[in-house]
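> Could you work out the structure for the sequence below:
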Amino acid sequence: MAATLEAEIMFAQGLASNEKPVRSKALLKLRRYISARSGREQGGFGEDDLLKIWKGLFYCVWMQDKPLLQFSVE
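Residues are numbered from 1 along each chain as shown. Here you go, the predicted model:
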């Protein structure tokens, strides 16, 4: 595996983690990353980037320990 991973892949891995603290930390970092990258004039998100992030968010919800947490808003 390459020494450096794309940011979207790193977020997806963190969001799909078995550990709740890792998922929570990844969500906070992802929120800041999306805000920063969306604010650029050039270099927004491509379709592949968004699919990687979406997959990570899907697994973040999937890995929740309790069903009620899947639907709560923080």
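> C-alpha only now, for contacts and for neighbours.
Noted.
> Identify each buried residue in the helix or strand where residue 50 lies, please.
Secondary structure from DSSP states H and E places residue 50 in helix 47-62. Neighbour-count burial for helix 47-62, counted by 16 or more other C-alpha atoms under 10 Å, picks out 52-53, 55-57, 59-61.
> Kindly report the same for stretch 24-43.
26-27, 30.
> Inside helices: which ones of these?
Within the buried residues of stretch 24-43, residues falling in helices by DSSP state H are 26-27, 30.
> ok, of those residues, which one's closest to residue 44?
Closest approach between those and residue 44, by C-alpha to C-alpha: residue 30, at 14.3 Å.
> Report the contact partners of that closest one.
residue 11 (C-alpha atoms under 8 Å, 6 or more residues apart in numbering).
> tell me the pLDDT at it?
Per-residue pLDDT puts residue 30 at 87.
> What of residue 20?
As predicted, residue 20 sits at a pLDDT of 82.
> For residue 12, see how far away it is.
Using C-alpha to C-alpha, to the nearest Å, residue 20 is found at 14 Å from residue 12.
> With neighbour numbers in mind, choose between these two.
When neighbours are counted by other C-alpha atoms under 10 Å, residue 20 and residue 12 differ, and residue 12 comes out ahead with 24 against 16.
> Relative to residue 6, which of the buried residues of stretch 24-43 is nearest.
For those, the nearest to residue 6 is residue 30 (13.0 Å; C-alpha to C-alpha).
> In the chain, which residue is most central in space?
residue 11 (4.2 Å; C-alpha atoms, centre = their mean).
> quick one: the nearest residue to it once chain neighbours are set aside from residue 10, how far?
If the residues on either side of it in the chain are set aside, residue 11 comes closest to residue 26, at 6.1 Å by C-alpha to C-alpha, 6 or more residues apart in numbering. Residue 26 sits 9 Å away from residue 10, going by C-alpha to C-alpha.
> what's the answer for residue 40, then?
Distance from residue 40 to residue 10, by C-alpha to C-alpha: 21 Å.
> what's the answer for residue 20, then?
Counting by C-alpha to C-alpha - residue 20 and residue 10 are separated by 16 Å.
> coming back round to it: please convert the ones in helices among the buried residues of stretch 24-43 to CSV, extending it with distance to residue 47.
Converted to CSV, those look like this (distance: C-alpha to C-alpha, whole Å):
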residue, distance to residue 47
26, 21
27, 20
30, 17
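> Before I go, just wanted to say thanks for your time.
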